[in-house]
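Visitor: let me see the structure of the following:
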Amino acid sequence: MSNQLGVPAPNVSGATPSGPAGGDLGGSYPNPTVVSGAHLGATTVPHSAIANTAVTPGSYTNTNLTIAADGSITAASNGSGGSTPGMVQIAQQVLGSPAASVNFGSIPNTYTNLVLTITGGTSTSGANESVALQINGDSASHYGYTAAATWTTNTSFFGANGTSAVIGSLDGTTAGSVIGNITLRLLGYAQTTFPKGGTFSCVVDLGSGGLNLQQIVGGIGYTQTAAISSLLIFLLSGNNFVAGSIFTLYGEK
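Guide: Model prediction:
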């Protein structure tokens, strides 16, 4: 390097640089900064050269992150799992011996709807019989139901101001080869503004031989507004559900 007179400039060792920085550096010497978008190439920046952030080091679950415009993480915390549509099993009871009723208590209020499924039979000697429901231990005249049944002819039945609601029928011990099943869906069970309601469906064998199936669909109403916290299921006849009958309660998101 030469000066304007062609005389080599002296090599000053140890001098502190000064003046404006350029290229991948910004600011001024002696304390320039690396500009945004600087090309570091294959250079490895040691951890010691990176400033610490306010984020606590560690592992996070279902992490909530705050990310700055330059891509750095400025905040992190544990989060909760997202809401996944579908049904979650709350409880299940499989009868080890005949029982006159099945009770689900302490039902959480963290779902939108309840779904009850029943697969089983009854101890009656008839073809099938009605299954009833009471809510929150309430045996007052607060229930109503309506249903339609299909077979060789269409029939309907209903009940109003009853002490329980019919939610379908199950096959008895003399029925055919098809086991009874019921599905009940209770809508908005946890809200406390409106009375409760739901829909049900079932398929039974009328028991006269040869798979004489009947489908029953209907709805129920309950006049009280309290959140549903318990369900009692029983047979209107007072007979028993047979051993092996399965009662499953689901919460629906």
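Visitor: tally of neighbours for Ala99?
Guide: 18 (other C-beta atoms under 10 Å). For every residue, glycine as well, the C-beta is placed using N, CA and C.
Visitor: hang on, isn't it packed against Asn240?
Guide: Yes - with contacts counted by C-beta atoms under 8 Å, Ala99 reaches Asn240, the gap being 5.9 Å.
Visitor: give me the number of residues near Thr63?
Guide: Around Thr63 there are 11 residues (other C-beta under 10 Å).
Visitor: what do you get for the one 4 residues further on?
Guide: When neighbours are counted by other C-beta under 10 Å, Ile67 registers 11.
Visitor: next one: it from Gly244, what distance?
Guide: 56 Å (C-beta to C-beta, to the nearest Å).
Visitor: would you map the helices across the stretch 1-150 of the chain?
Guide: Here the stretch 1-150 of the chain has no helices by DSSP state H, counting those that start in this stretch.
Visitor: quick one: low-confidence ranges for it?
Guide: 1-15, 35-51, 80-85, 126-127 (pLDDT under 70).
Visitor: next, the contact list for Ser18, please.
Guide: 28-30 (C-beta atoms under 8 Å, 6 or more residues apart in numbering).
Visitor: which ones among the residues you listed lie within strands?
Guide: 28-29 (DSSP state E).
Visitor: and the contacts of Ser18 as CSV, adding distance to Ser77 and neighbour count?
Guide: CSV is the format used below for these (distance: C-beta to C-beta, whole Å; neighbours: other C-beta atoms under 10 Å):
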residue, distance to Ser77, neighbour count
Ser28, 39, 13
Tyr29, 41, 12
Pro30, 40, 10
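Visitor: mind giving me JSON lines with the contacts of Ser18 and columns for distance to Leu232?
Guide: As requested, the contacts of Ser18 are exported to JSON lines (distance: C-beta to C-beta, whole Å):
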{"residue": "Ser28", "distance to Leu232": "82"}
{"residue": "Tyr29", "distance to Leu232": "84"}
{"residue": "Pro30", "distance to Leu232": "83"}
